[in-house]
Structure formats: structure tokens, C-alpha cells
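> next comes the sequence, and after it the predicted model I'd like to discuss.
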Amino acid sequence: MKSSLREPSARKINTRIRFLQAGLLAWALILTGRLVQLQVFGHASAKAEVLEQSRSRSEISPERGTIFDRNGQILARSIPARSIFLTPSKDEPAEARQRTIRTLSKVLGLDGEESRRVMDRIRRSEPFVYIKRKVSPETAATVEALCLPGVHSHPDTMRFYPSGTLAAHILGGVGLDDTGLAGVEYVYNGPLQGRKGQALILKDARRREYYFETLAAAVPGKDIALTIDATLQYIAERELAKAVRETQAGWGTVIISNPASGEILAMASSPTYDPNSYSSAEAGAQFNRAIQLTYEPGSTFKIVTASAALAHHVVGLKESFDCSRTDLGFRGKPIRDHKPFGILTFPQVVIHSSNKGMALVGRRVGEVSLHDMAEAFGFGRKSGIDLAGEAAGRLQPLSAWSGRTLPALSTGYEVAATPLQILQAVNAIANRGIMVPPRIVTDILDPDDPLKRRSPTLALQILSPEIAATMTDILERAVDEGTGLQARLSGYRIAGKTGTTQKWDPALKAYSEQKHIASFVGFAPADHPVLSVVIVLDDPQGGSYYGGEVAAPVFREIVRKALLKLGVYPEPAPAQGVITASIWKGVRP
Amino acid sequence: MIRKKIPRRRIILGLMVVLLTLVILTFYLRHLTETARLGLVERNLEVRLSRLRDEVKALEAKKAALLSLSRVERVAREVLHMSEPEPGQVIYGTETGTNR
């Protein structure tokens, strides 16, 4: 009886238990389903949301390689710096933010525009705002000591050019992200830059606190050694600046090279700029006129015409030319000399830079031979120097030649060349007819392979050594007794050629009588050249504009100082009025 | 109830085992803490070395700036009142003697 009474109650309880179990199971299933939904299907979005709230990744700039001159002097180096940034909190009142920015403006010296930029970015709710990039570690420490909410700093590097404007056009410059924008910094950006690293920044729930952790270390860039000699570069820049100032020239450029190796020892352009503030430099100052500017070289091109005449045996050294003729010109560009000449021998035509004489020599050479020789000397194509933005110049194809091209080209007109191309031409003469491509970088110093050296460049024999020697003699006489007298240097044998070019006036559609380009190109010592120099000055004012009077003295001063720097001392002058005799001692055989 | 007497040898052996275990554990803990400490010291030294290298690089750059030829010339002319030598004032040394 008792059991029969209990049975319905037990069944009832069991039923309730089953309902409860079913309910719990359903609840567990719902929970499990929700968990699966969140953690499996919604994993990616949930993770992204969490990451966005709590942490962010940032790139670590690698330390950029150092640029040295040929003697190991530092020309560009990245030094430690810090970048100040802000991780704004949404809960922070706007007034507090403005107070923070005002405080930072005082410490970091932010101008009004910079402060406004930062405030704009904060208003746009950007989670990471740079206040100021690349400040000194001391300044960063001062900022950190203020304990401003959300203001922190992370390690960075700053490109520093210790010599200021020295070799600015060779080095170029970098942008805010340490990417090369010009010069060697641009051409060798890859090896210099290294590989970027990655850092993790952790934030708290209110996005105020953070933690900076390096996830992947940055690989530093490789160092680069240039062919430049800092002292010669300084001499070139100083003398160029002095010449531009004294002659009131529009611009000027100087290149010093080693004719035997093709190494550029110095390359200067005026006006110049400070690569420490590359982005604020004027475009005109950033222009590397030594390789990016083309001009009609004028009489310095006569080296090519004379070489062609000798190479094709169309003139003899004792052959004479009537330089008093008046029938050599053409409309718009009469051929005339800087002073009246009569009969001149072939060497004298070059020595005294007679345009009429050279036009007659050009006739002998002929169009094809002159074009081929100019092409062999590298005109009309890039020299291949490892600097960005080199101009190729212009050498018209034979099909485009007019009746006046031959006399014009013979005297250095109707051809556009860079100062470097002119220097390369004279380098071939100095180097016994061998033309070595120019280069600016000696080595990319790889710490993993310290013995690795760059492969040698291919040199071309464009003239026979005999013709190069003859040309050297003629160019030496051009300095000793011709138009290059002011380039003469006591105790040294100098070879060189002057150039004075009338500039083309687009308004007049004719060559200007007032505007000129003065130039001089040469090498020293003539018998054993250790350096070659080209100087180009645009539109010199103050009376004289001839290359022999304006550019040649600059050449002399540069060569005098550069030779002493290179340990090439002047030959002692023979004693005047003293008869010398060797004293013989001992027994005659 | 008669308690069975534990042999002294066994007690000593047991104590030795416990002692040895404690020694080993102590040594192990000491080893762990020392390893961690040395790791920390090494890390600190690495950071210090890195900072010193950066400092050396910065100082080298600063030295290069101080020795830049433009600065040297400015100091020579403006502070030391030096001037360029006149022609003939420079005497060049050669292997055979001097050359004015």
C-alpha cells in the first residue's frame, strides 16, 4: 500500500527531474552554441576587436648604414633619437588634451601649424598620433618626465650629416621615414636601409597605458665607402663658392677625378643646400649641375675634334690653317675668334682656341668621323655614374645634321653635354686613350663578408696612346702659351683647355652676346696625371667672361691645393744664374 | 601494544635520503634562481652595451661635426686669427732635403 502511494509521487519527481535535466541540457546547448558562435565562427572578428582595443603593431626603422669618404671620415650617419607619440584616450576631456598639446608645444618647440595638425588627428579619433619625430634622447627624457597622459616615445634614428653642406649633392638626403630621396642615399637606398623590424604596443582597457615590445629586431643597413676625399671636396666647394661670389655667376660646378681609376674625388655645385634639412631645401639648390645639367661645351669640345683629326690622319702637326677667313660662319652663328689670327699650325689652333681654325679642321675630319669620335668619347649617353638623375646630353644623329652642324660641332656647339662628360673626355686623354667609367662608391661594406669588393669596371681604349700623348702635349702648351695661361702653376706641368660658350637666347632665337658660360678642363701633372678637374661657371659678371680668365684661375687654385693634399709637391725651379756641374770622385777607368 | 623498534641504521638512511633530497632540491632551486638572475644580468648588460654602442656612434658623429673642415677653418680664421701663407712661405719636405 505504502509503495503504491509512493509510486505516483516518485514518477512525478522523476518527470520533474527529467524536465530539469532537459532544461539544463538545453541551457548547456545554448551556451555551447553561443560559445561556438563566438569562438569559432566569430573568432576572427572578436580577436581583431580585442587586438584593436588592447594593442597595436608598429614598424621599427632599422639603423641606416653610415656613409664614409675614401679615408673613413663620416659623411652621413644615423644617430639614436626618439619619436614622441600620443595614444589618445576617448574618455579624456578635450580641455585636458589641449593642455597636453600646449605643454608639449613648449617643450618640443612645435609651431602653430604642427600643433593644429596634432589636434586635427586627435579629433579624427586616430589611435596613434606622432607629436614630433626624431628628437634627441635628452628632449624625449624631458617629455617622459612630465608624465603626460597618453604621451610616450619610442626609439628611432635620425640622419645626421656632420659636415653640413659638404658633398650635399653627392649624398642627397633622406625623408622623414629615412628613405633616400636623392644622391647616394637614393641610389643605394636598398643596402643602406636594412630591414624593418616590428614592435608591439599594449594598451589597457581605457587605452591609456601601453607596453612597447620588440617582436622582430630591425636589421641594420650596410655602410658605404665613397670615392670622395672630404678634404678635396672641401677645397672644391670653397673655391667654387668664392668664384661664384666674385664673378656673380648664376651657378657653378666643379668635379675632381682620378683619370686612371675613374674615381670621383670631389663634386661640387653652387648653389648648395644642407642635407640635414633636405626637405626644406630649394629645388634649384638640390640640382646637381655636375651631372644633371647639360650645356653647349664650346671650346673644351675642341679636344674631341682635334683627337678625331689626329686619329683619322687628316691633319699633320706642322700643317697650317688660315684663321683669318671670313667665309666660315653661318646664319645666326657666325664663326669668329676671340682675337684676330692669321696662319696657325694645327697645334696652335687648339692652343689659341681658334674657332675658325677648328672649323677648318672639322671640315677635314668630316661628319661621320666627328660624330663617331664624339660618340666614342661618350657624348649623347649617360656615363653610368652611380648617382641618380644623370642627364645623357644630346648628340644629334647624323640623319638630323644640317649644313651648319659640322662647323658648329667642331667648335663645341649643337651638342649638349654635362660637365662630367667633358671631364670624361679629358680623362681619356690623360689616361693614354683609355676611358674608365666614373664611379662614386668604392665599396658596400658587408659585415657578413668583409673581404667582398665590387667588381672592376670595364674600360675602353678610344684613342691610341700616341694620339693621347700628342693631345697631352698640345693641351700642356695651351696652358703654357695659349688661352689657359692663368691655369699655369709654378713647379707643375698642367694640361688643359679653356671654354667660353655663348648661351642660346630663346627670346632672340640666337646666341646671346651678353650671356656666356665659362669653363676650364684639365689635368695635372701632365706627365703623370693624378687628378683632373672641370670647372663651369654660368654667366659670369663684372667684365670678363672668358674661360681662360674666369675658370682657369679657379682650376689653378683647386689643383694647387689638391696636389699638396695628395702629396704631389712642386718641382724645384732651376736656380737662376748658377752653373752646376757634377763632381767626379775616384779613379777614371 | 608493542611498538616495533625501527633500526637506527634505517633512521639514519631515511634522514640521509631526506637530507639529500633537500640538498638536491635546494641546489636545483638555487640553480634555477641563479640562471634566471644571470639571464637578467646578461639582458641588462646587452641593453647597456647597445646603448653604449649607440652613444659611441653618436659621439663619433659629433666628433666628425666638430672636426669638419668648415668649422676648423672658421675657428682658425676667426678665433685664432690665422691666415693663408704667402707664396714662398711654404717649405715642402722631400727625401733629399727641403724645397721652398
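Ah, there it is. Numbers count the residues shown, from 1 in each chain, chains lettered A, B, ... in the order given.

> next, the distance between the ends of stretch A:384-398.
Terminal residues of stretch A:384-398 lie 24 Å apart, using Cα to Cα, to the nearest Å.

> just stretch A:532-552 next, same as before
End residues of stretch A:532-552 are separated by 13 Å (Cα to Cα).

> how far is it from where the chain is centred?
Centroid separation between stretch A:532-552 and its chain, computed with Cα atoms, centre = their mean, to the nearest Å, is 24 Å.

> identify each buried residue in it, please.
Residues of stretch A:532-552 classed as buried by neighbour count (16 or more other Cβ atoms under 10 Å in any protein chain shown): A:532-540, A:545-552. For the C-beta atoms, the positions are set from N, CA and C on the backbone; glycine is no exception.

> and the residue of the stretch 201-350 of chain A found nearest chain B, which of the three is it?
Relative to chain B, the nearest point of the stretch 201-350 of chain A is residue A:234 (4.2 Å; Cβ to the nearest Cβ). Three-state call for residue A:234 (DSSP: H, G, I helix; E, B strand; the rest coil): helix.

> what number of residues lie near it?
Neighbourhood size, residue A:234 [other Cβ atoms under 10 Å in any protein chain shown]: 22.

> which residues touch it?
A:166, B:69, B:70 (Cβ atoms under 8 Å, 6 or more residues apart in numbering or on different chains).

> on the three-state scheme, residue A:255 is what?
Assignment for residue A:255 (three-state DSSP): strand.

> bridged to it, which residues?
With beta bridges defined as DSSP bridges, residue A:255 has these partners: residue A:267, residue A:534.

> now residue A:381: closest residue in space that isn't a chain neighbour?
residue A:392 (5.3 Å; Cβ to Cβ, 6 or more residues apart in numbering or on different chains).

> just the pLDDT for that neighbour.
pLDDT, residue A:392: 96.

> low pLDDT regions in the chain?
Went with chain A since none was named. For chain A, applying pLDDT under 70 flags the ranges A:1-6, A:52-53, A:201-212, A:329-333, A:450, A:453, A:573-589.

> that's the wrong chain, I meant chain B
B:1-3, B:93-100.

> show me the contacts for residue A:392.
A:380, A:381, A:382.

> now do the SS call for it.
Going by three-state DSSP: residue A:392 is coil.

> how much space between it and residue A:386?
Using Cβ to Cβ, to the nearest Å, residue A:392 is found at 16 Å from residue A:386.

> re earlier: ok, the residue of the stretch 201-350 of chain A closest to chain B to residue B:71 distance?
Residue A:234 is 11 Å from residue B:71, by Cβ to Cβ.

> before we move on, what about residue A:233?
Relative to residue B:71, and taking Cβ to Cβ, residue A:233 is found at 15 Å.

> the two: which is more packed in?
residue A:233 (26 against 14).

> my guess is the more buried one meets residue A:268, correct?
Yes. Using Cβ atoms under 8 Å, residue A:233 is in contact with residue A:268, at 6.8 Å.

> can you check which residues contact both of those two?
Joint contacts of residue A:233 and residue A:268 (Cβ under 8 Å, 6+ apart) are residue A:167.

> could you check how far the residue nearest in space to the middle of chain B is from chain A?
By Cα atoms, centre = their mean, chain B has its centre lying nearest to residue B:49, at 5.2 Å. Look at residue B:49 and chain A: by Cβ to the nearest Cβ, to the nearest Å, they are 14 Å apart.

> and for residue B:68?
4 Å.

> hmm, back to that, check for me that the residue nearest to the centre of chain B belongs to a strand.
No. Judged by three-state DSSP, residue B:49 forms no part of a strand; its state is helix.

> and residue 35, what element?
Just going to use chain A. When elements are assigned from DSSP states H and E, residue A:35 belongs to helix A:2-36.

> I was after chain B.
Going by DSSP H and E, residue B:35 is part of helix B:8-66.
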